[in-house]
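# Here's a sequence, model it:
(one chain, ligands or ions: 1)
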Amino acid sequence: MNLASVEVSTSKPLAQGGKIQFPPYLTPIHFSEFTPESLRDLIAGRRLFLRGAAFVGQGLNKSLSRLGLPVEGFIDKSPRLRGRRLAGRPVFAPEDIFNQADLAEKIFVIMTSGYWEEEFRPELAAAGLIEGRDFISSFDLVPLNPSIDVAGVCNLHCQGCPRGNMDTHPPAGFMSAEVYAQVIEKLLREMPFLGEVQLYTWGEPLLNRELPQIIGHNKRRQVISIISTNLSLKTELVETMAEAKPEIVRVSCSGWGVNYEMTHTGGDWELFLKNLRRLSQLNRELRAGMEMEFYYHLYNHNSGEDYEKAKALAEELGYVFRPVKASLYPRENIVTLRQGQPLSLPAQRQLEIITEEARYLIAGDYDSDVESQCLENRTFSINWNLNVRICGVYYLPIVAKNFLETPILELVRLVAESETCIRCAACDAHCFIKPFTADQRLIKGN
Ligand code: SF4
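Residues are numbered from 1 along each chain as shown. Below is the predicted model of the structure:
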């Protein structure tokens, strides 16, 4: 890995009289100067479609609607979504839209999936569309994906998570709804096209008693709330969350019965099951419209009968079943391992039971593309106490103490200059996610 910096200018820093030095191992982040007005001019009366109907597309649909730029519909090849309406917009298959003559005169497209852009570009070009004129990327409008850890605590100590496998922990506490409102307002000032935000990273958001007000604030500002919960907690917390109607709720599971309790360390299987059913019931009864996703962490020991039972149950209850290979978090552990340093006992236990493939990727014993750029410097993580972390996959290093006092461009610069990134890239832990993500895509199928 050549760690020499290369200078990559970005339009907005230049406009502000500055430049950010992006090293070759990071994704250069371009802050465009799109405004609602200039985007409207570029669209020029054409029908506006979003290519990708997952949460990025749904978030952008929200923000464009907030800004007076109505979306005609989504374009997505997923059979699960075909023919459905999301947030009142129809989902079209690509062939329904792209097989028309003179397409560039009729439609404007925004690509709304960072992982699939490499596939989208040739598809859009084959349809006669030109990037910058007829289509753009969502990153041109929203360059960062923020997560706000509204709860700096968790009720479990899973061995694959820093809550269970790190010896040192950041300060514990909760973000108040009042502070949250200031955070989201600053985000919207600096990224006006922002349409969705994750309300978690390493904490359990349902433990925050002010979560309903936080979700309520997002609703008023037309920002989608994405929640991830272990559901192994008091049912009343699940009920309170459901009544607030967040748009996307992810639940995590890693086996059936005792297998679940081993890797969701400290969890209670019966309580999880009860809450899984209760959430599904509330979604129906309250007509909450929550998109419920069931993240199933695949290990060697839970990929047979456990997997089939969990999949059947999830689908019966209306969850979208998403199997993902269990890994080892946070990224500090990958760096420790690759530097030949000892891991904590829980981290070692995790390493022993993940799949061969996952272990191989973690160890880095493959021919990595050393020129790969990290995808994580687009993830933008704010702790409950306003500390800003280096990125979404690290647990401890922070680049700024107070998000409210630090412009986002400055935060991007601080990450680009960070020693943590240098150490991470020196053992190729910065591009670890790429093969892993590709692997997850294969598992997800669509
Ligand atoms: S610290 Fe995070 S942003 Fe920096 S190179 Fe590593 S994974 Fe990427």
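# in a strand, that's where residue 251 is, yeah?
Yes - counting by DSSP: H, G, I helix; E, B strand; the rest coil, one finds residue 251 located in a strand.
# Renumber starting at 357 from here on
Okay, residue one is now 357; in that scheme the one you just asked about reads as residue 607.
# Can you check the pLDDT for it?
What the model reports as pLDDT for residue 607 is 98.
# Identify the residues contacting the nearest residue to it once chain neighbours are set aside.
Leaving aside its sequence neighbours, residue 607 sits nearest to residue 587 (CB to CB, 6 or more residues apart in numbering; 5.1 Å). Heads up, the C-betas are built off the backbone N, CA and C, glycines and all. The contact partners of residue 587, taken as CB atoms under 8 Å, 6 or more residues apart in numbering, are 594, 607, 627, 628, 631, 632, 635.
# So residue 587, which state does it fall into?
Taken by three-state DSSP, the conformation at residue 587 corresponds to coil.
# which bits of this structure sit near the ligand?
Of all the residues in the chain, those in contact range of the ligand (CB under 6 Å from any ligand atom) are 381, 687, 730, 732-733, 746-747, 749-750, 771, 776-777, 780-781, 786.
# Could you say which of these is surrounded by the most neighbours?
Across those, the neighbour count under other CB atoms under 10 Å reaches its highest value at residue 786, namely 30 neighbours.
# Please report the distance of that one from residue 710.
For residue 786, the distance to residue 710 equals 21 Å [CB to CB, to the nearest Å].
# now swap in residue 524 and tell me
When CB to CB is applied, the distance between residue 524 and residue 710 equals 23 Å.
# Show me which of the two is the more surrounded one.
Regarding residue 524 and residue 710, a neighbour count based on other CB under 10 Å identifies residue 710 as having more, with 22 against 8.
# Where does the stretch 557-706 of the chain get nearest to the ligand, which residue?
The stretch 557-706 of the chain approaches the ligand most closely through residue 687 (5.3 Å), counting by CB to the nearest ligand atom.
# for residue 527, helix, strand, or coil?
coil.
# what's near enough to touch it?
Applying CB under 8 Å, 6+ apart, the residues contacting residue 527 are 508, 741.
# Just read off the phi/psi values of it.
For residue 527, the backbone dihedrals are phi -60, psi 140 (criterion: degrees, to the nearest 10).
# what stretches of the stretch 357-506 of the chain score poorly on pLDDT?
Of all residues in the stretch 357-506 of the chain, those with pLDDT under 70 make up the ranges 357-374.
# all strands in it, in order from the N-terminus.
Using DSSP state E, counting those that start in this stretch, the strands found in the stretch 357-506 of the chain span residues 403-407, 429-431, 441-442, 445-448, 463-467, 491-493, 501-504.
# partners of residue 493 in the sheet?
For residue 493, the beta-bridge assignment (DSSP bridges) gives partners residue 467.
# from what I can see residue 728 touches residue 787, true?
Yes - with contact defined as CB atoms under 8 Å, residue 728 and residue 787 form a contacting pair (3.4 Å).
# Show me the common contact partners of those two, please.
What both residue 728 and residue 787 touch, as defined by CB under 8 Å, 6+ apart, is the set residue 381.
# okay, those two: which has more neighbours?
residue 787 (22 against 19).
# Just the element for the more buried one, please.
Residue 787 is located outside every helix and strand, with elements delineated by DSSP states H and E.
# Count the residues that sit near residue 488.
9.
# ditto for residue 473
Other residues near residue 473 come to 16 when the count uses other CB under 10 Å.
# Could you report the distance from it to the ligand?
Noted for residue 473: a distance of 19 Å to the ligand, by CB to the nearest ligand atom, to the nearest Å.
# Same question for residue 552.
With the distance defined as CB to the nearest ligand atom, residue 552 ends up 20 Å from the ligand.
# same check, this time on residue 507
As defined by CB to the nearest ligand atom, residue 507 lies at a distance of 22 Å from the ligand.
# show me what contacts that residue?
Contacts here follow CB under 8 Å, 6+ apart; on that basis residue 507 touches 530, 531, 556, 559, 560, 561, 562, 563, 564, 740.
# and of the residues you listed, the nearest to residue 512?
Using CB to CB, residue 560 comes nearest to residue 512 of the contacts of residue 507, at 7.4 Å.
# Nearest residue to that closest one in space, please, no chain neighbours.
residue 510 is the one closest to residue 560 (CB to CB, 6+ apart), at 4.5 Å.
# which residue sits closest to residue 568, ignoring its sequence neighbours?
Nearest non-adjacent residue to residue 568, counting by CB to CB, 6+ apart: residue 600, 3.9 Å away.
# do the same with residue 703
In this structure, residue 703 finds its nearest non-sequential neighbour in residue 521, 4.0 Å apart by CB to CB, 6+ apart.
# Let me see the contact set for the one you found.
With contact taken as CB under 8 Å, 6+ apart, residue 521 is in contact with 515, 684, 689, 699, 700, 702, 703, 706.
# ok, 6 Å please
515, 700, 702, 703 (CB atoms under 6 Å, 6 or more residues apart in numbering).
# how about those in CSV, adding pLDDT, neighbour count and distance to residue 579?
Compiled in CSV, the contacts of residue 521 are given as follows (pLDDT from 0 to 100; neighbours: other CB atoms under 10 Å; distance: CB to CB, whole Å):
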residue, pLDDT, neighbour count, distance to residue 579
515, 96, 24, 33
700, 98, 16, 37
702, 97, 22, 35
703, 97, 24, 35
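# How is this structure divided into domains?
Taking automatic domain parsing as the domain assignment, the ranges for the chain are 388-496, 501-800.
# ok so residue 716 is a helix residue?
Yes - counting by three-state DSSP, residue 716 is located in a helix.
# Could you report the pLDDT at it?
Note for residue 716: predicted pLDDT of 85.
# just to revisit the earlier point, okay if I get the domains of the chain as JSON lines plus distance to residue 375?
As requested, these are exported to JSON lines (distance: least, CB to CB, whole Å):
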{"stretch": "domain 388-496", "distance to residue 375": "15"}
{"stretch": "domain 501-800", "distance to residue 375": "9"}
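# tell me the most buried of these?
For the domains of the chain, the stretch with the most neighbours on average is domain 501-800, a mean of 19; neighbours defined as mean count of other CB atoms under 10 Å.
# gap between that one and the chain center?
When C-alpha coordinates are averaged (CA atoms, centre = their mean, to the nearest Å), domain 501-800 and its chain have centres 8 Å apart.
# Right, I'll call it a day here.
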